[in-house]
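> All I have is the shape, not the residue letters:
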């Protein structure tokens, strides 16, 4: 038996083995895939951008005592719901309150980041 005949025989055997094993019965995919119900699309306002030069920060929604100031362009995560025209934000590890009139609210961080850069003069606002 020549080398050429052995090579042809080996290729033939490998092809037959692949053909036999590839013909194994597989589970078929269902024609209809049932998906669970999803809630309606809704995004909450999650980010606050400081609009005023120096905005007051309060430890509670119902106090007049100012604890800090934050600057125009700062971005904060909103942590809760509005009370007394103030928005709860996360400053460091603490939840504090800022006047609603001092901030713009956004659903996406990228939107807030864009507004912050406009306020700081880093980019021009798109028209």
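Everything's here; your move. Bear in mind the structure is a predicted one, so any value in this text is a computation, not a measurement.
> For the chain, give me the ranges with low pLDDT.
Applying pLDDT under 70 to the chain picks out residues 1-6, 20-43.
> at 90 what do you get?
Scanning the chain for pLDDT under 90 picks out 1-45, 61, 63-64, 80, 123-127.
> Give me the nearest residue to the residue positioned nearest the centre of the chain, chain neighbours excluded.
Computing the C-alpha centroid of the chain and ranking residues by C-alpha atoms, centre = their mean puts residue 108 first, at 7.4 Å. Spatial nearest neighbour of residue 108, chain neighbours left out: residue 47 (7.2 Å); criterion: C-beta to C-beta, 6 or more residues apart in numbering. Bear in mind the C-beta positions are built from the backbone N, C-alpha and C, glycine included.
> what does the helix or strand hosting residue 118 rub up against?
Residue 118 belongs to helix 109-119 when assigned by DSSP states H and E. Helix 109-119 is contacted from outside by 46-49, 51, 72-75, 104, 106, 123-125, using C-beta atoms under 8 Å, 6 or more residues apart in numbering.
> Number of residues surrounding residue 45?
14 (other C-beta atoms under 10 Å).
> now do residue 80
Residues near residue 80, counting by other C-beta under 10 Å, number 12.
> Surely residue 18 is within a helix?
Yes: counting by DSSP: H, G, I helix; E, B strand; the rest coil, residue 18 falls inside a helix.
> all strands for this protein, in order.
47-50, 54-58, 68-71, 75-78, 86-91, 94-99, 103-106 (DSSP state E).
> Would you mind giving those as JSON lines with mean neighbour count and distance to residue 112 added?
Below are the strands of the chain laid out as JSON lines (neighbours: other C-beta atoms under 10 Å; distance: least, C-beta to C-beta, whole Å):
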{"stretch": "strand 47-50", "mean neighbour count": "24", "distance to residue 112": "4"}
{"stretch": "strand 54-58", "mean neighbour count": "17", "distance to residue 112": "15"}
{"stretch": "strand 68-71", "mean neighbour count": "15", "distance to residue 112": "14"}
{"stretch": "strand 75-78", "mean neighbour count": "18", "distance to residue 112": "5"}
{"stretch": "strand 86-91", "mean neighbour count": "20", "distance to residue 112": "12"}
{"stretch": "strand 94-99", "mean neighbour count": "18", "distance to residue 112": "14"}
{"stretch": "strand 103-106", "mean neighbour count": "19", "distance to residue 112": "4"}
